[in-house]
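A.B. asks: Based on what follows, work out the 3D shape:
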Amino acid sequence: MVATNGRTVTVFGGTGFLGRRIVRRLRYRGFPVRIASRHPDLGHSQFDPDDLQIQSVEANIHDERSVADALAGAYGVVNAVSLYVEQGQETFHSVHVESAQRVAAQARLAGVERLVHISGIGADAASQSRYIRKRGEGELAVRAAFLDAIFIRPAVMFGPDDGFLTTILKLLRRLPIYPMFGRGLTRLQPAYVKDVAEAIGRVMQRAETRSTIFEFGGPRVYSYEEFLRAVAHQAGVAPLLIPVPFAVWHVLTWASEMLPSPPLTRNQLELMQIDTMSSPELPGFAELEISPQSIEVILQKMLSNSV
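C.D. replies: So this is what the prediction gives:
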């Protein structure tokens with residue numbers, strides 16, 4: 001481990017679902033943190049107002065000068081900015097490729113020593129899925145701009161206030177008949193968001209600096225049907241799970257995308273057709289001596305807190 005010695009880490013996307021947990025774990029490890037976001041007031045309100053080692057600055061990852069200012073004097077940077085639904089100029093290419101390259105290039109120019117880039121399991125520049133392809137292209141662009149970049153690929157993350165587990169839980173409670181994606185055979189390995197944030201804190205503090213790809217998956221691989229049944233069991237409900245062909249879902253998403261805030265998009269549907277599990281050939285939680293928490297344990301805590 002290396003000492004923090006007051007070395008500031010800039011976190012882009014530090015007000016998001018994963019980002020704010022990263023900020024807290026970095027602070028726990030003694031790093032002063034600079035939260036770079038378009039809404040600095042929001043960033044400041046999410047953390048202890050008396051913590052003078054947390055600074056919120058206004059930054060736009062699409063603007064080179066703005067990025068450079070946020071990185072000035074920083075020891076490390078975490079790019080936790082992500083996009084799941086494209087809207088106008090906010091596209092997978094502009095966020096996951098162009099802006100990722102911009103952060104990495106400006107970090108190198110600023111003399112930043114450590115860059116952690118958040119990507120996702122399955123990132124592949126050759127994928128037919130635009131989302132996955134742009135994640136892969138983003139990794140290549142970051143590596144070209146910052147040779148020693150460290151890549152974090154989490155599986156789908158869960159936790160309080162997420163857009164994944166809490167949504168499924170609500171639907172399972174409300175729907176006596178639950179439509180599954182396909183036959184429910186897609187495999188997934190959900191990871192607890194706080195475990196991923198803790199891993200990033202440990203990566204930032206490691207003495208090892210060479211470029212590495214970490215993949216973080218939870219302690220169990222589920223089929224989608226197994227996952228739904230596990231969540232339903234914890235919630236004390238027993239809905240009837242009905243397979244719905246992906247061809248039908250594609251028609252539904254086409255109609256859904258006509259809405260101002262579509263509940264389901266074609267890109268999200270594509271992700272539900274692809275297995276997302278951590279590779280045994282890449283370092284993960286075990287490398288950092290973290291025992292990932294199960295979805296059942298965290299769900300019990302979430303349910304007990306909501307009572």
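
A.B. asks: where in this protein is pLDDT low?
C.D. replies: The chain contains residues with pLDDT under 70 at 1-5, 42-45, 306-307.

A.B. asks: longest helix of it?
C.D. replies: When the chain is parsed with DSSP state H, its longest helix is helix 130-145.

A.B. asks: Could you give me the buried positions within that helix?
C.D. replies: With burial defined by 16 or more other CB atoms under 10 Å, the residues of helix 130-145 counted as buried are 130-139, 141-143, 145. Placement of C-beta: from N, CA and C, glycine included.

A.B. asks: nearest to Val237, of the residues you listed?
C.D. replies: Closest approach between the buried residues of helix 130-145 and Val237, by CB to CB: Tyr131, at 30.9 Å.

A.B. asks: Enumerate every residue touching that closest one.
C.D. replies: Listed by CB atoms under 8 Å, 6 or more residues apart in numbering, the contact set of Tyr131 reads Tyr84, Phe92, Asn267, Glu270, Leu271.

A.B. asks: ok, now Ala144?
C.D. replies: Applying CB under 8 Å, 6+ apart to Ala144 gives the contacts Gln101.

A.B. asks: And the helices in the chain?
C.D. replies: Going by DSSP H, the chain shows helices at 19-28, 40-45, 64-71, 92-93, 100-109, 130-145, 165-174, 193-205, 224-235, 246-256, 266-271, 295-306.

A.B. asks: quick one, which of the ones you listed is nearest to Gly182?
C.D. replies: Comparing these by CB to CB, helix 246-256 comes nearest, at 5.1 Å.

A.B. asks: ok, for Gly163, nearest residue in space, not its chain neighbours?
C.D. replies: Nearest non-adjacent residue to Gly163, counting by CB to CB, 6 or more residues apart in numbering: Phe17, 7.4 Å away.

A.B. asks: and that neighbour, how many neighbours does it have?
C.D. replies: For Phe17, the count of nearby residues is 19 (other CB atoms under 10 Å).

A.B. asks: And for Gly73?
C.D. replies: For Gly73, using other CB under 10 Å, the count is 11.
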